[in-house]
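In: Starting from these lines, generate the structure:
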Amino acid sequence: MIEIGIKPDNLKDLLIEIKNHVGGTIKEEWNEFTLLVNNDKATGSIRFMPFDWGVHLLDFNITFRDDVKLSMHANGFNPIRFAYVLNGYFEHKFSADNRRILIDQYHSLIFTNKADGVNYIYFPKDTKLEINSIEIVRKKFLKKRTTNVATLNKKLYEVFVDTDEENRFAHYGALNLKIADLVKKMQTIKAKGMLRVLRIESIIYEILSFHIQRHDKSQQGVPLPTSLTKSELILVRKLGKSILKNPAKNYSLDQLALATGLSQAKLQDGFKFLYNRTVTEYIRHVRLESARDLINTTDLNISEVVYSIGFTSRSYFSKIFKEKYGLTPNEFKKQLVTAVAM
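Out: Numbers count the residues shown, from 1 in each chain. Got it, this is the predicted structure:
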């Protein structure tokens, strides 16, 4: 086992200490620090990016060739950490505990320690790890003008305002596929320079919001759908993405159930959990969003838009469009023309 003990003042110290144990080189571009490793100890990369107001990103995309025990002392650098596992898994425990907790694929962990505590992270060998961690330094973050932690639920509020780091906290989150999409989106950013930094930062705040939403639901006692397994939820998500790409296709619940091998009841449970909509409501929502984009970005007339997104009745389309957006399609189109003329 590779044992790495760290008393960091910041995440860059952590990156340097990992490099000292597994080798590799650290490159820096636009304040994005990346440890690149390709040897008998590890293959892959670990990225660190600092942002304003005490927000940091730590991304693992690496395979260790031996088990790794990371010991992070909290008396120098002790942020709130929002970790998410896209691939692989890891285990966590506080120095005050004897039990390790498994954080599996598509699951999350929000944690922070007392100022004198130690966080232990255990990484498995020969397992591709893709782990996203957003780290918030509380004293700096609370100085941000738009930060209003009073809107958080009671437990998270207490964690954020504990700037003297007198309490330890851990929340082991349930399955969350929405964060997976955002982490993948962040990985595909090709932009350079300031544009790249801004795009990554915007996704970081999106991911953070989903961590907080999921914690809210757990505090409210909102359960996962017990009728579906993790693999079945992943199937539902793939189906949702397919509908998003092809809204005009003629969908039926029977056909969708047959295509996925899931019962209609499981499909409905999955869509309600992932999208807060029934299957029919989701299809209608996707078509209306697609219609609005077509009206906004093309020269198609309303009838052409209606049939291009899978509706057969213009009057029905106009009715549900107004219910959703507060304007008829024609009113929406005229509003766009007026705005361009001005």
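In: Was I right to think Phe82 contacts Leu208?
Out: Yes - because the distance of 6.1 Å satisfies C-beta atoms under 8 Å, Phe82 is recorded as touching Leu208. Using the backbone N, CA and C atoms, a C-beta is placed for each residue, glycine as well.
In: And the two? Which one has more around it.
Out: Phe82 (24 against 16; other C-beta atoms under 10 Å).
In: quick revisit: which residues are in contact with each of Phe82 and Leu208?
Out: Residues touching both Phe82 and Leu208 (C-beta atoms under 8 Å, 6 or more residues apart in numbering) are Ile134, Ile136.
In: avg pLDDT for the strand or helix carrying Glu130?
Out: Assessed by DSSP states H and E, Glu130 sits inside strand 129-136. Mean pLDDT, computed over strand 129-136, is 97.
In: which is the next helix or strand following it?
Out: helix 138-141.
In: returning to what we had before: packing partners for the strand holding Glu130?
Out: strand 55-64, strand 80-87, helix 177-187, helix 193-219 (3 or more C-beta pairs under 8 Å, 6 or more residues apart in numbering; DSSP states H and E).
In: got TSV for these, with distance to Asn153 and mean pLDDT too?
Out: Shown next, in TSV, are the helices and strands packed on strand 129-136 (distance: least, C-beta to C-beta, whole Å; pLDDT from 0 to 100):
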stretch	distance to Asn153	mean pLDDT
strand 55-64	20	96
strand 80-87	14	96
helix 177-187	18	94
helix 193-219	5	93
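In: circling back to that earlier point, which outside residues touch the strand holding Glu130?
Out: Taking C-beta under 8 Å, 6+ apart as the rule, strand 129-136 contacts 11, 44, 54-64, 79-88, 90, 123, 160, 179, 183, 186, 204, 207-208, 211.
In: one more time with 6 Å, if that's ok
Out: Residues outside strand 129-136 that contact it (C-beta atoms under 6 Å, 6 or more residues apart in numbering) are 56, 58-62, 79-88, 183, 204, 208.
In: what helices or strands is the helix or strand hosting Tyr282 leaning on?
Out: In this assignment (DSSP H and E), Tyr282 forms part of helix 279-297. When contacts are defined as 3 or more C-beta pairs under 6 Å, 6 or more residues apart in numbering; DSSP states H and E, helix 279-297 packs onto helix 230-245, helix 264-275, helix 302-308.
In: Give the other helices and strands that the helix or strand following the last one contacts.
Out: Pointing back at helix 302-308 there. Proceeding N to C from helix 302-308, the next assigned helix or strand is helix 314-325, under DSSP H and E. Helices and strands touching helix 314-325, by 3+ C-beta pairs under 6 Å, 6+ apart, are helix 302-308.
In: Tell me the buried residues in the helix holding Tyr282?
Out: 279, 282-288, 290-292, 294-295 (16 or more other C-beta atoms under 10 Å).
In: got it, and stretch 7-20?
Out: For stretch 7-20, by 16+ other C-beta under 10 Å, it's Pro8, Asn10, Leu11, Lys12, Leu14, Leu15, Ile16, Glu17, Ile18, Lys19.
In: now stretch 70-79
Out: For stretch 70-79, using 16+ other C-beta under 10 Å, the buried residues are Leu70, Met72, His73, Ala74, Phe77, Asn78, Pro79.
In: and Trp207, how many residues sit next to it?
Out: Slight slip there: residue 207 is Ile, not Trp. For Ile207, using other C-beta under 10 Å, the count is 23.
In: State the distance from the closest residue to it other than its chain neighbours to Leu86.
Out: Nearest residue to Ile207, sequence neighbours excluded (C-beta to C-beta, 6 or more residues apart in numbering): Leu182, at 5.0 Å. Note on Leu182: its distance to Leu86, by C-beta to C-beta, to the nearest Å, is 10 Å.
In: for Met186, same thing?
Out: 10 Å.
In: So for the two, which residue has more residues nearby?
Out: Each of Met186 and Leu86 has its neighbours counted (other C-beta under 10 Å); Leu86 has more, 21 against 18.
In: Next up, the contacts around the more buried one.
Out: Glu130, Ala180, Val183.
In: any idea how far it is from Arg100?
Out: With C-beta to C-beta as the criterion, Leu86 and Arg100 are 21 Å apart.
In: got the angle for the helix or strand containing Ile4 vs strand 55-64?
Out: Per DSSP H and E, Ile4 falls inside strand 2-6. Counting by axes from the mean of the first three to the mean of the last three C-alpha atoms, to 10 degrees, strand 2-6 lies at 160 degrees to strand 55-64.
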